[in-house]
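Chemist: this one's structure only:
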């Protein structure tokens, strides 16, 4: 039985290696700060040498994805490396990135005019070893194009983030992970009025050799923080119990002011 | 190095040029004429017309009388210079320093020091020039000598050989007529009057005597021919200090061939630049095609570099723009702009990546070369509150922010370039809206923060201040809204959406 298990493990490791996952040097796994989400990835490590795809259809989703990526960039760019952001119609506000611990001046924006140029710049940037990450706003990405990007990434070790606007052709790329980030209502401490930390529903639609899942995450000023879904529901229930149905809506009304 | 000069004399520059343009004139005697004091004076005569006894300086009317059917063409004063400039630029293939012969305005002077061996010797070099120009349709006489003056003299009046060996020019000049010294007409007339028909009859005279009789200019011309006075050629194209040329045995018309040529030139250019501590900032690749056209592509780098592979990649992006036509025979690579290159200390153990990382700079160069430098943006904090002006474009990769990025106020992750007007219902004035309609969708506001009032920069533009609210709707989506202006019965105000929060 043990022999079989060992054989499976060996095979699994081989497959990972063939698919571009390199084992961590020195056996020390670097953390990206995603907490329990990292456990769904192969080996329990966020794959840095990989293409991550984000499906964004609504502008609100893309704002959430931008925020989430900025949170990841804050870790990826820790050593002072630069990042390239390629887009045809960029709406990202550079000044807001400093809220996610990213130095906006270390991000190089390339605002090109056609999708083809976006692809070209993305591939060139992914081949550039001096960069920490490349974020690319692409509407269409074919299987072949995504393969080219994956090869570039495996060569250089740069993390690639693709923000895709169409959800329909989602199944036809070789991305290592496919994410969908959507905003969730925020929660303030002790029900104080106003808005709390940005909170998202992080859906991992696909993880190569991992387990897809859905998580609730919050950017708590310094880093990501997992929010237990159950706990939130409990809070609401608790609030209902304490204030009753009407009291809750009253409080809701007060929060607006 | 022994200096050598070539003089190319176009014997019939204007008429040859006209025959190339209009081959049908080969059968017709024709002249060029220009108005002078109300008459048409002949300035150039075709070979056929010369046979009838037509000469330069005649009146056009007289010439028509001796030569029936003579075609008189209009001459323009600066046409010879323009023609010579074009020919001179073509002749850059033979030598980097090509000058127009300002005295006769019908020839070119080339500084060919160290050039002739590339063609296999001086004889082959001259033969190549003559046959090439003859192939185009120009009859030329050429000569090579140690001084431009001697080369000019031999090309115009020499009868023995155009190849004057090193140090042999005083001897070659002896038997020539005084006209060979490029002298003015009055001086020549005086020489003839005194019976000086050959240079050897006065070359041995004392300088003081010659100066008294014929003036300072005469001595200058004599000295220039003999080499005792320096003559400066004004090159048509100022030679670039860092330049490489590659002449090809066979015309090149394939992409692979061009790539090999670029690589070879870059290798020797970069080697030279490296030894001198220079790096390329701007480079131009020129290809001389066999049909006489010139194709050029240029590249620029954001920092001086002498890396062959990087520069080659930049040129590689532009190869598609080179139209080789029937083939390119000579490549010239000029480094128009060079800078001192900063040699970074090799860091063995720690490599600190950053914006000034070599690979990043190379990436920027490639993008700027392929798409254009205008697509690359980088932002620095500006000390302003108005959201549209809160960021400042960095001018270069090395620009550092002068101030800290502000984090105390919330700013949306995505900012609309132009705020979109929205319809709003607010319960109480100066409160955040109860709901708003954006793009036909009604959003019920559940939570809100604000207002944050941002005043307009009145010294820049006129208008109302903005009261910004950060709102969250019942789906958890977060927006940045503002009201432009105060609430009030008669005052105008409008709500806008300006961004999306993460």
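Modeler: Looks like it came in fine. This one's a predicted model, so the numbers in the text were calculated from it and none came from an experiment. Numbering: from 1, shown residues only, chains lettered A, B, ... in the order given.

Chemist: Please list the residues outside whatever helix or strand residue B:225 lives in that contact it.
Modeler: Assessed by DSSP states H and E, residue B:225 sits inside helix B:216-226. Outside helix B:216-226, the residues that touch it by C-beta atoms under 8 Å, 6 or more residues apart in numbering or on different chains are B:147-150, B:152-153, B:169-170, B:173, B:180-184, B:187, B:203, B:207, B:210-211, B:229-231. Every C-beta, even on glycine, is put in place using the N, C-alpha and C of the backbone.

Chemist: Out of those residues, which end up buried?
Modeler: Among the contacts of helix B:216-226, those classed as buried by 16 or more other C-beta atoms under 10 Å in any protein chain shown are B:147-150, B:152-153, B:169-170, B:173, B:180-183, B:187, B:203, B:210, B:231.

Chemist: pretty sure residue A:130 contacts residue B:397?
Modeler: No. Between residue A:130 and residue B:397 there is no contact under C-beta atoms under 8 Å: 11.8 Å.

Chemist: And these two? Which one has more around it.
Modeler: More crowded of residue A:130 and residue B:397, by other C-beta atoms under 10 Å in any protein chain shown: residue A:130, with 21 against 18.

Chemist: Distance check, the more buried one against chain B.
Modeler: Computed as C-beta to the nearest C-beta, to the nearest Å, the residue A:130 to chain B distance reads 3 Å.

Chemist: Can you tell me how far that residue is from residue B:358?
Modeler: In this view, residue A:130 and residue B:358 are 7 Å apart by C-beta to C-beta, to the nearest Å.

Chemist: residues near the closest residue to chain B within chain A, how many?
Modeler: Closest to chain B within chain A is residue A:67: 2.3 Å, counting by C-beta to the nearest C-beta. Residues near residue A:67, counting by other C-beta under 10 Å, number 26.

Chemist: Need the nearest residue in space to it, chain neighbours excluded.
Modeler: Spatial nearest neighbour of residue A:67, excluding adjacent residues (C-beta to C-beta, 6 or more residues apart in numbering or on different chains): residue B:502 at 2.3 Å.

Chemist: Surely that neighbour and residue A:63 touch.
Modeler: Yes. In this structure residue B:502 lies within contact range of residue A:63 using C-beta under 8 Å: 5.5 Å.

Chemist: Can you pick out the residue with more neighbours from the two?
Modeler: The neighbour comparison of residue B:502 against residue A:63 (other C-beta under 10 Å) goes to residue A:63, with 30 against 27.

Chemist: Show the contacting residues for the nearest residue to that one once chain neighbours are set aside.
Modeler: Nearest-residue entry for residue A:63: residue B:500, 3.6 Å, with adjacent residues in sequence omitted and distances by C-beta to C-beta, 6+ apart. For residue B:500, the contacting residues are A:59, A:60, A:62, A:63, A:91, B:412, B:413, B:414, B:477, B:478, B:479, B:480, by C-beta under 8 Å, 6+ apart.

Chemist: close enough to count as contact, the last one and residue B:499?
Modeler: Just to be clear, that refers to residue B:480. Yes. Counting by C-beta under 8 Å, residue B:480 does reach residue B:499; the two are 3.9 Å apart.

Chemist: hang on, the earlier thing: list the contacts for the residue of chain A closest to chain B?
Modeler: Residue A:67 touches A:100, A:181, A:198, A:200, A:219, B:413, B:501, B:502, counting by C-beta under 8 Å, 6+ apart.

Chemist: Check residue B:179 too.
Modeler: By C-beta under 8 Å, 6+ apart, the contact list for residue B:179 reads B:156, B:157, B:188.

Chemist: from the residues you listed, which are also near chain A?
Modeler: Residues of those in contact with chain A (C-beta under 8 Å from any C-beta of the partner chain): none.

Chemist: name the element the residue of chain A closest to chain B belongs to?
Modeler: In the assignment (DSSP H and E), residue A:67 maps to helix A:59-76.

Chemist: For residue B:13, which non-adjacent residue is spatially closest?
Modeler: Nearest non-adjacent residue to residue B:13 (C-beta to C-beta, 6+ apart): residue B:106, at 5.0 Å.

Chemist: what mean pLDDT does stretch B:238-256 have?
Modeler: Summarised as a single mean, pLDDT over stretch B:238-256 is 84.

Chemist: and if you look at stretch A:90-106?
Modeler: Mean per-residue pLDDT for stretch A:90-106: 89.

Chemist: what do you get for stretch A:196-214?
Modeler: In this model, stretch A:196-214 carries a mean pLDDT of 87.

Chemist: Show me which residues of that stretch are buried.
Modeler: A:196, A:197, A:198, A:199, A:200, A:201, A:202, A:204, A:205, A:207, A:208, A:210.

Chemist: which residues does the fifth one contact?
Modeler: Contact partners of residue A:200, counting by C-beta under 8 Å, 6+ apart, are A:64, A:67, A:68, A:181, A:182, A:183, A:184, A:216, A:217, A:218, B:502.

Chemist: Can you classify it by secondary structure?
Modeler: strand (DSSP: H, G, I helix; E, B strand; the rest coil).

Chemist: distance of it from residue A:161?
Modeler: From residue A:200 to residue A:161 the distance is 15 Å (C-beta to C-beta).

Chemist: Could you give me the buried positions within the helix or strand that comes right after the helix holding residue A:67?
Modeler: Using DSSP H and E, the next helix or strand after helix A:59-76 towards the C-terminus is strand A:82-87. By neighbour count on 16+ other C-beta under 10 Å, the buried set for strand A:82-87 is A:82, A:83, A:84, A:85, A:86, A:87.

Chemist: what does the model give residue 27 for pLDDT?
Modeler: Picked chain A for this. The score at residue A:27 is 45. That number is its pLDDT.

Chemist: sorry, should have said chain B
Modeler: Looking at residue B:27, its pLDDT reads 85.

Chemist: Low-confidence ranges, chain A, go.
Modeler: Scanning chain A for pLDDT under 70 picks out A:1, A:20-30, A:167-171, A:229-257.

Chemist: contacting residues around the closest residue to chain A within chain B?
Modeler: Closest residue of chain B to chain A, C-beta to the nearest C-beta: residue B:502 (2.3 Å). Residues in contact with residue B:502, defined by C-beta under 8 Å, 6+ apart, are A:63-64, A:66-68, A:70, A:96, A:100, A:183, A:198, A:200, A:219, B:413, B:478.

Chemist: The same query, at a cut-off of 7 Å, please.
Modeler: A:63, A:64, A:66, A:67, A:198, B:413 (C-beta atoms under 7 Å, 6 or more residues apart in numbering or on different chains).

Chemist: No further queries at this time; thank you.
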